[in-house]
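[1] sequence plus predicted model, see below.
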Amino acid sequence: MTVEATIQAILGAATFTQRIQQIRLVPQRHGTEEHGAIYAAVARELYMPHLAPDFAYIHEAPFYDTEHFFAAYDMAARLTDGFTLISEGELQGVLLECPRTLLVFRTLLGLTKEEFAHSTLLAGGPDELPALSASQIDTLERSAIEYQRPNTTAALTKATTQARVAAKTITMAMNGELFGDAPPGLRSKQVKPDTEGGWSSVHALATNGVPLRVFLHQRHYGGAFRQVLDATSTKRGDLIEDAVEGLFVAHGVSFIRTGSHNQADIARRFEVHVTPAPDFVVFDPADDTLKAMLECKGTNNGGTARDKAMRFRSLKAESVRLGGIPLLAVLGGIGWARINDALGPVVRDTDGRVFTLSTLNSMLEVAPFPSLLPAV
């Protein structure tokens, strides 16, 4: 049988199960020198079109949305009369009246929460003011715009002290008094269009607007969406696993998401010896027997995809050792568009049981899932 005929037989399979059957025939029909071309062609035609460009999206993060920030900015601009009432005492009053405005002033300084927290230690030290922690800063910046001042003496004292150390930090940083001169080869974070002239620069841009070229340069300098991407990195890392778990829960499939379990327990219970264990093990609750292994991998980098493909080779060997337990892959990201040494080998090692977020429901059509789904 020719390579072209085998490829067409796979591409023309009417169901996912039939596709898997055709892919499993490749080693019988062809020598190893022809396998790469077959798997690559199948990967390119059947799997690559379903790889979503997840770089085009970010998770919803209300703290970073315009609504939250604009409200804080509008309040900061109003309470400082367009950033002209900016003495330490005046800023303390602003922060005490609306703690969320700290978000605006911290952003002006170009500091992360952790960096601002350390800065309060530097600024407050001489006056023995307690430094703010990153968690305290986060609480202040997430507070309601219509802030209700504390109604107890202790709470008001604490709020006043926090506002004072924050105001002192902002004032000293804006005046160039907090960090000292930059060493050779470095420059201060205050040397940027909105703060290079101190408060006068802030007032000028607040009054006249920021030129688009300046706005875009700051995006280029800081990386578009960098903060929100960093803040939601865990969510992004779990995106595929969460979708698989949701599918299994919705359809009553018995599984273990191994990341939340002791690896030794997985090995002892199901005889899965590969380390680390696959992301999911699927089992039959009737006799607690292993029925499938599933691995999730997402990447937008081709080189990383190639490296991650190696994981499926070891999982395939474990699958064979366990008597041919089905191995499934759920992939995401355009890094898998690297066909020959990334996506193609995963198609080979899983016998074509490769799914994406857009084809996830099709997983339930292939073995072992039809026999594991609860009777309707």
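    Thanks, I have it.
[2] so which residues of this structure form strands?
    255-257, 280-284, 289-298, 327-332, 354-355 (DSSP state E).
[3] isn't Ala41 right up against Ile7?
    Yes. Between Ala41 and Ile7 a contact is recorded at 4.9 Å, counting by Cβ atoms under 8 Å. All C-beta spots, glycine's among them, are computed from the backbone N, C-alpha and C.
[4] can you give the contact residues for the longest helix that the chain contains?
    In the chain, with assignment by DSSP state H, the single longest helix is helix 153-174. Contacts with helix 153-174, where a contact means Cβ atoms under 8 Å, 6 or more residues apart in numbering, come from 86-89, 91-96, 99, 102, 105-106, 108-109, 111, 116, 119-120, 122-124, 127, 129-132, 136, 140, 149-150, 178-179, 190, 195, 198-199.
[5] buried set for that helix?
    By 16 or more other Cβ atoms under 10 Å, the buried positions in helix 153-174 come out as 159-160, 162-174.
[6] please apply the same query to stretch 209-222.
    By neighbour count, with 16+ other Cβ under 10 Å as the criterion, stretch 209-222 contains no buried position.
[7] and stretch 299-312, by the same measure?
    The neighbour-count check on stretch 299-312 (16+ other Cβ under 10 Å) flags 299-300, 302, 304-306, 308-309, 311-312 as buried.
[8] what does stretch 101-112 give?
    By neighbour count, and taking 16+ other Cβ under 10 Å as the criterion, the buried residues in stretch 101-112 are 101-111.
[9] out of those residues, which comes closest to Gln263?
    Nearest to Gln263 among the buried residues of stretch 101-112: Leu111, at 39.8 Å, using Cβ to Cβ.
[10] would you mind measuring from Asp288 to Glu271?
    Counting by Cβ to Cβ, to the nearest Å, the gap from Asp288 to Glu271 is 12 Å.
[11] of these two, who's got more company?
    The residue with more neighbours, out of Asp288 and Glu271, is Glu271; 14 against 10, by other Cβ atoms under 10 Å.
[12] pLDDT below threshold where in the chain?
    Applying pLDDT under 70 to the chain flags residues 54, 224, 229, 233-237, 260, 375-376.
[13] domain-wise, how is it divided?
    Structurally, the chain divides into domains by automatic domain parsing as follows: 3-54+234-372, 63-224.
[14] highest mean neighbour count out of those domains?
    Comparing the domains of the chain by mean neighbour count (mean count of other Cβ atoms under 10 Å), domain 3-54+234-372 ranks first with a mean of 17.
[15] ends of that one, how far apart?
    One end of domain 3-54+234-372 sits 35 Å from the other (Cα to Cα, to the nearest Å).
[16] one more: stretch 78-98?
    Using Cα to Cα, one end of stretch 78-98 lies 11 Å from the other.
[17] what sits up against it?
    Contact with stretch 78-98 is made by 72, 75-77, 101-102, 105, 140, 143, 145, 147, 149, 159-160, 162-164, 166-168, 170-171, 174, 199, 202-203, 206-207, as judged by Cβ under 8 Å, 6+ apart.
[18] just to revisit the earlier point, mind saving the C-alpha coords of the longest helix of the chain as CSV?
    The C-alpha coordinates for helix 153-174 follow below in CSV (Å, rounded to 0.1, in the frame of the first residue of the first chain):
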residue,chain,number,x,y,z
THR,A,153,-10.2,54.5,66.9
ALA,A,154,-7.8,51.5,66.4
ALA,A,155,-8.9,50.9,62.8
LEU,A,156,-8.7,54.7,61.9
THR,A,157,-5.3,54.9,63.4
LYS,A,158,-4.1,51.9,61.3
ALA,A,159,-5.7,53.4,58.1
THR,A,160,-4.1,56.8,58.8
THR,A,161,-0.7,55.2,59.3
GLN,A,162,-1.0,53.2,56.1
ALA,A,163,-2.0,56.3,54.2
ARG,A,164,0.9,58.3,55.7
VAL,A,165,3.6,55.8,54.8
ALA,A,166,2.2,55.3,51.3
ALA,A,167,2.0,59.1,50.8
LYS,A,168,5.6,59.5,52.0
THR,A,169,6.8,56.8,49.7
ILE,A,170,5.1,58.3,46.7
THR,A,171,6.3,61.8,47.5
MET,A,172,9.9,60.8,48.0
ALA,A,173,9.9,58.7,44.8
MET,A,174,8.4,61.4,42.7
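[19] next one: it to chain centre, how far?
    With Cα atoms, centre = their mean, to the nearest Å as the basis, helix 153-174 stands 33 Å off its chain's centre.
[20] the buried residues of stretch 101-112 in helices, which ones?
    Applying DSSP H to these, the entries found in helices are 102-109.
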